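K.L.:
The following comprises the amino acid sequence and a computationally predicted model.
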Amino acid sequence: MIEGYNFAYLDEQTKRMIRRALLKAVAIPGYQVPFASREMPLPYGWGTGGIQVTAAIVGRSDVLKVIDQGADDTTNAVSIRRLFANTTDVATTERTEEATIIQTRHRIPEAALREGQIMVFQVPIPEPLRWLEPREAETRRMHAHADYSVMHVKLYEDVARFGHIATGYDYPVVVDGRYLMKPSPIPKFDNPKLDRSPALMLFGAGREKRIYAVPPYTAVRSLDFEDHPFRIEKWDESCALCGASDSFLDEIVVDDSNKRMFVCSDSDYCQTRRAHGHGPAAEAKPATATKDAAE
Amino acid sequence: MNANSDEPILRVEGLRKNFGSRAVCDDISFELWPGEVLAVVGESGAGKTSLLKCLSGQTPIDAGHAHYRNAQGREIDIAASDETLLKRLQRTEWGLIHQNPRDGLRFGVSAGANVGERLMALGARHYGNIRFEATDWLQRLEISGDRIDDLPSKFSGGMQQRLQIARNLVTKPRLVFMDEPTGGLDVSVQARLLDLLRVLVRDLGLAAVLVTHDLAVARLLGDRLLVMKDGKAVELGLVDQVLDDPQTPYAQLLVSSVLQI
Ligand SMILES: Nc1ncnc2c1ncn2[C@@H]1O[C@H](COP(=O)(O)OP(=O)(O)OP(=O)(O)O)[C@@H](O)[C@H]1O
Ligand SMILES: [Mg+2]
């Protein structure tokens, strides 16, 4: 632990201010609470909102996991984990099961979350209505009136143009039957994991100075049409390393000849499966998987 | 046709709207009946748009009342209603047609999405049905169904105005507020749009408040006529009566100042 810094980098006053915003966010599921976002030792876009939330809630007995696109070992995940290791001395882990706080960019782990765990999401753009309405006062008014039909207008345009709902990331949801919410740029594959999760979900947007939350066991519904129901991505492939057919797969290029393979985006999930003796499916099919094959 | 057509759909009493210390609508009173079109005429600055905005809940009323009788037959005091209720009325039981299509359309999304939006606001969640209804309403406004995926910016001014009307009528509102709906259009385009509007208003049994400063439009679409000057109602009566036999000096001047129709 590095001398001279307060526990978890932020001063106690700031952490209290953030915790007050978090309490309000938990009390009003899906509602964006403004907070006085601080300058952090890394630029916006690198998870400053998530870091402030984690700093405000982390305690000495917590076990911290940090992932970026599902992986624990990317630069961003490593440097955030190191920031907290250096300023708190709390234990860190790569195991989803062991973690009490999981800060994440762009994924929710595959392993089922449990009560007592907290997910902290890094959010670039919190406002789901921003694409349509640049004025903050107006989007706040739309939230106040639950005036959300424009979100269906967007889905309508998707279907009219592409024949199906083409939104794949940051797929809009309604929380607790009330507030429209952006789940941060997770793949829609992860949306069902938000619904009635036993874990607490906290969202922090540093540049936009907003915090919001989904408390445990809260209904989270992905918007859709009756004749174009919400569907998650599907792959013809299974993971080339662990054989999983139920996880979100990344397509990676493995050599100079442009050879590709599909592997789990959640590195801990993949490693844990391999440690339990799972391997590639017997005969691997050629890499011809298409997303949204059902559409 | 209407369950309570023996009661006014809109009852306005002593309505006043101030800007600063000046009243731009002053002691306006009238009743509007189901299926009736009230044309509001007057020179520029008379307070017509201000009156329309007060009645449709877009701006606060400073004194007096405007009562709207909703589909359930309950009277709603527009001046005392909160914004949530007014917004809901605006996207369900009311229609709002602006002079400039830019104010009434979403230019970033297709014609079909523009028409479908109100259906979706009312809870329609079946894409196929929404599209079917949108196509039907485009055609009723003489826009070919194969333009459904075009952006409004690709439409002519007259088509944009017809699109705005389709977008409002698709959910069969009971009361429509129109502010110079044919204002910015060429004369020949105006004539066609007026014909269309007349047929739709009659077929749907719409009640409407129609602001215009074109007496020919008032004659064609209106049942009754309200003449405004400097925020005051100077004359109110059946359209033909007022236009053919104006009682007040101002209305006489107004009628004689335009070509007889
Ligand atoms: N937002 C505002 N603030 C101050 N004064 C206003 C505002 N809106 C309108 N007015 C004034 O109120 C008066 C009535 O305006 P209004 O727009 O209702 O007239 P109108 O009859 O619709 O005229 P036009 O035929 O030109 O559309 C005018 O004197 C106008 O300058
Ligand atoms: Mg006007």
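P.N.:
Okay, I see it. Ligands and ions are numbered 1, 2, ... in the order given.
K.L.:
need the residues of the stretch 101-250 of chain B near chain A, please.
P.N.:
Within the stretch 101-250 of chain B, the positions near chain A by C-beta under 8 Å from any C-beta of the partner chain are B:106, B:108-110, B:112-113, B:116-118, B:120-121, B:125-128, B:130-131, B:148-149. To be clear about C-beta, it is placed using only N, CA and C from the backbone, and glycine gets the same treatment.
K.L.:
Among the residues you listed, the buried ones, what's the PyMOL command?
P.N.:
To isolate the buried members of those in PyMOL, using 16 or more other C-beta atoms under 10 Å in any protein chain shown:
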select buried, chain B and resi 106+109+110+112+113+116+117+118+120+121+125+127+130+131+148
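K.L.:
roughly how far apart are the residue lying closest to A:Ala77 once chain neighbours are set aside and A:Leu194?
P.N.:
In this structure, A:Ala77 finds its nearest non-sequential neighbour in A:Asp68, 4.1 Å apart by C-beta to C-beta, 6 or more residues apart in numbering or on different chains. Distance, A:Asp68 to A:Leu194, using C-beta to C-beta, to the nearest Å: 19 Å.
K.L.:
and the residue nearest to A:Tyr171 when sequence neighbours are not counted, how far is that from A:Gly59?
P.N.:
Distances taken as C-beta to C-beta, 6+ apart place A:Lys188 nearest to A:Tyr171, at 4.0 Å, with adjacent residues excluded. Distance of A:Lys188 to A:Gly59, computed by C-beta to C-beta: 33 Å.
K.L.:
Compare the two (neighbour count), which wins?
P.N.:
Per other C-beta atoms under 10 Å in any protein chain shown, whichever of A:Lys188 and A:Gly59 has more neighbours is A:Lys188, with 22 against 11.
K.L.:
got the contact list for the more buried one?
P.N.:
A:167-169, A:171, A:222, A:230, A:232-233 (C-beta atoms under 8 Å, 6 or more residues apart in numbering or on different chains).
K.L.:
Please, where are all the helices along chain B?
P.N.:
B:48-55, B:83-91, B:101-104, B:111-121, B:127-140, B:157-169, B:187-204, B:215-221, B:239-244, B:249-256 (DSSP state H).
K.L.:
The residue in the stretch 101-250 of chain A positioned nearest to chain B: neighbouring residues, count only.
P.N.:
As assessed by C-beta to the nearest C-beta, chain B sits closest to A:Ser149 within the stretch 101-250 of chain A, at 3.6 Å. Neighbour count of A:Ser149, defined by other C-beta under 10 Å: 19.
K.L.:
List the contacts of it.
P.N.:
B:91, B:117-118, B:120-121.
K.L.:
same thing but 7 Å
P.N.:
Residues in contact with A:Ser149 (C-beta atoms under 7 Å, 6 or more residues apart in numbering or on different chains) are B:117, B:120-121.
K.L.:
Kindly report the same for B:Ala79.
P.N.:
B:61, B:65-66 are the contacts of B:Ala79 under C-beta under 7 Å, 6+ apart.
K.L.:
Check A:Tyr31 too.
P.N.:
A:25, A:179, A:212.
K.L.:
same question, B:Gly128
P.N.:
A:Asp227.
K.L.:
So A:Ile102 lies in a strand, does it not?
P.N.:
Yes - A:Ile102 sits within a strand when classified using DSSP: H, G, I helix; E, B strand; the rest coil.
K.L.:
Tell me how many other residues surround A:Asn137.
P.N.:
Actually, residue A:137 is Ala. It isn't Asn. As a burial measure, A:Ala137 scores 8 neighbours (other C-beta under 10 Å).
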